[in-house]
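Novice: what follows is a predicted structure for the sequence shown.
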Amino acid sequence: MSISREVVLKTAALAHLELPAEDADRFAAQMSEILAYMDQLAELDTAGVPPMSHSTLAEHVERTWRADIVKPSLGSALATANAPEGFGGYFKVPSVITRAPREREES
């Protein structure tokens, strides 16, 4: 499957990414290569392969999981110390949800 320049630009717009138009051709080629590789993987016969429930094998679990150790937390003052803007020990971030004002119900 080939990805067009227009699809790349539309995808970037939907994701709210700033993508210079001159980069769209390069990304279209790269995305097309990725999809071509995925098509190769789809050709593999996986009928006899059982589904995995975890990415690690059972015999290696002891090397991938660590014991939980209770440690003191940083605290909100230290955690927000380098934040561009903090508010009462919290991170202050721009709003991403806009709400229309409610219409007043007349009684």
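Specialist: Structure received. Residues are numbered from 1 along each chain as shown.
Novice: confidence-wise, which helix or strand of this structure is lowest on average?
Specialist: The helix or strand with the lowest mean pLDDT-type score in the chain, counting by mean pLDDT, DSSP states H and E, is helix 61-64 (a mean of 63).
Novice: packing partners for the strand or helix carrying Met38?
Specialist: Under the criterion of DSSP states H and E, Met38 resides in helix 21-42. Counting contacts by 3 or more C-beta pairs under 8 Å, 6 or more residues apart in numbering; DSSP states H and E, the secondary-structure elements packed against helix 21-42 are helix 5-14. For every residue, glycine as well, the C-beta is placed using N, CA and C.
Novice: by contact count, what packs against the helix it packs on?
Specialist: Packed next to helix 5-14, using 3+ C-beta pairs under 8 Å, 6+ apart, are helix 21-42.
Novice: ok and the helix it packs on relative to helix 5-14, angle-wise?
Specialist: 100 degrees (axes from the mean of the first three to the mean of the last three C-alpha atoms, to 10 degrees).
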